[in-house]
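Visitor: please work out how this folds:
(one chain, ligands or ions: 1)
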Amino acid sequence: MKCRSLIQILATTLPAAVLATAAEAYDAGSISNGGTVAGKVTYSGAVPTKKVIPTKDSEVCGKIRDVKLVLVGPGNGVGDAVVFLKDVASGKDWGEPESLPAIDNVACEFEPHVQVIRAGELDVVNSDPVLHNTHGFYGRRTAFNLALPNKDQRIKAELTRPGLVRVECDAHGWMLGWIYVADSPYYVLTGDDGSFSLTDVPPGDYTLVTWQEHTDAIETPVTVKAGETSEVTIELKK
Ligand SMILES: [Cu+2]
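Guide: Residues are numbered from 1 along each chain as shown. The predicted structure is shown next:
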């Protein structure tokens, strides 16, 4: 089953309490004998695009344009893919709390387009002088729904459950963003060259999940050994 579909089904059919336990289940500690999972996410072939047709606020939202659905960089590397180890019960500490994550409405697009955050608060920002209505979903269930009529407006939202949140704008149908709420620290966004690295992983067998907004999610078995790096290349296909 596709990972995205599975998350959507979980988000729509399980009570919130069941999903909430997943986040609480992660047992953080210090890892002295960990290994590393590192590698690259690639996509070869023609880069698919979608046509964005702004239907209003064109002075801010711009003109008709083609938007790439896969961010392909040097050496066919794919940026903005989320790579994570699935269902990790225990491992390294989360580290220093990150500054409050944010999703901004900029020229009628979401910035960042894809991000990974810890469960908790998130600033929803409007940098445009037009109304945006930022609407986040776990599957079909609303996670937050905020009207931001004013430029430089900023409202806090809370994403307490792990999983994939799709972000839309009720005012501009083409706007789309993605937030992965991590259930362990073993989540990372690929760089522009498609590279990624997950460090301090307790030795053992894992499922590595690679998610990209346009292609199918891919699950790859990986074995981590103490003090070693497991190299993985993930080839995305559509
Ligand atoms: Cu909008």
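
Visitor: show me what the helix or strand in which Val83 is found is packed up against.
Guide: Using DSSP states H and E, the secondary-structure element containing Val83 is strand 82-85. Using 3 or more CB pairs under 8 Å, 6 or more residues apart in numbering; DSSP states H and E as the contact criterion, the neighbours of strand 82-85 among helices and strands are strand 114-118, strand 176-182, strand 187-189, strand 195-201, strand 204-211. Where you see a C-beta, it was placed from the backbone N, CA and C, and this is true even at glycine.

Visitor: which positions in the last one come out as buried?
Guide: Just to be clear, that refers to strand 204-211. The neighbour-count criterion (16 or more other CB atoms under 10 Å) identifies 206, 208-211 as the buried residues of strand 204-211.

Visitor: wait, which of those is closest to the ion?
Guide: Distances from the buried residues of strand 204-211 to the ion were compared by CB to the ion; the smallest belongs to Trp211, at 24.2 Å.

Visitor: and Gly75, helix, strand or coil?
Guide: At Gly75 the chain is in helix, as set by DSSP: H, G, I helix; E, B strand; the rest coil.

Visitor: spit out the contact partners of it.
Guide: When contacts are counted by CB atoms under 8 Å, 6 or more residues apart in numbering, Gly75 touches 40, 42, 193-194.

Visitor: so which of those residues wins on neighbours?
Guide: Using other CB atoms under 10 Å as the neighbour criterion, Gly194 leads these with 26 neighbours.

Visitor: gap between the closest residue to that residue other than its chain neighbours and Pro48?
Guide: Closest residue in space to Gly194, ignoring its immediate chain neighbours: Gly77 at 2.5 Å, by CB to CB, 6 or more residues apart in numbering. Taking CB to CB, to the nearest Å as the measure, Gly77 falls 16 Å from Pro48.

Visitor: and the two? which has more neighbours close in?
Guide: Between Gly77 and Pro48, counting by other CB under 10 Å, Gly77 is the more crowded of the two (20 against 14).

Visitor: my read is that that one contacts Gln212, right?
Guide: No: taking contact to mean CB atoms under 8 Å, the distance of 11.8 Å between Gly77 and Gln212 leaves them out of contact.

Visitor: pretty sure Glu121 contacts Leu100?
Guide: Yes: with contacts counted by CB under 8 Å, Glu121 reaches Leu100, the gap being 6.0 Å.

Visitor: and the two? Which one has more around it.
Guide: Between Glu121 and Leu100, counted using other CB under 10 Å, Glu121 has the larger neighbour count: 14 against 11.

Visitor: next one, pLDDT for that one please.
Guide: Listed pLDDT for Glu121 reads 96.

Visitor: tell me the spacing between it and Met175.
Guide: 22 Å.

Visitor: need the residues of this structure near the ion, please.
Guide: Taking CB under 5 Å from the ion as the criterion, the neighbours of the ion within the chain are 132, 169, 171-172, 175.

Visitor: keep only those of the residues you listed that are in strands.
Guide: Secondary structure assignment by DSSP state E places 132, 169 of the residues of the chain next to the ion in strands.

Visitor: can you list the residues of the chain next to the ion in CSV and add pLDDT?
Guide: As requested, the residues of the chain next to the ion are exported to CSV (pLDDT from 0 to 100):
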residue, pLDDT
His132, 98
Cys169, 98
Ala171, 97
His172, 98
Met175, 97
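
Visitor: tell me the one of the residues of the chain next to the ion nearest Val114?
Guide: The nearest member of these to Val114, counting by CB to CB, is Met175 at 13.6 Å.

Visitor: and the closest one, what does it touch?
Guide: Counting by CB under 8 Å, 6+ apart, Met175 touches 105, 108-110, 132, 167-169.
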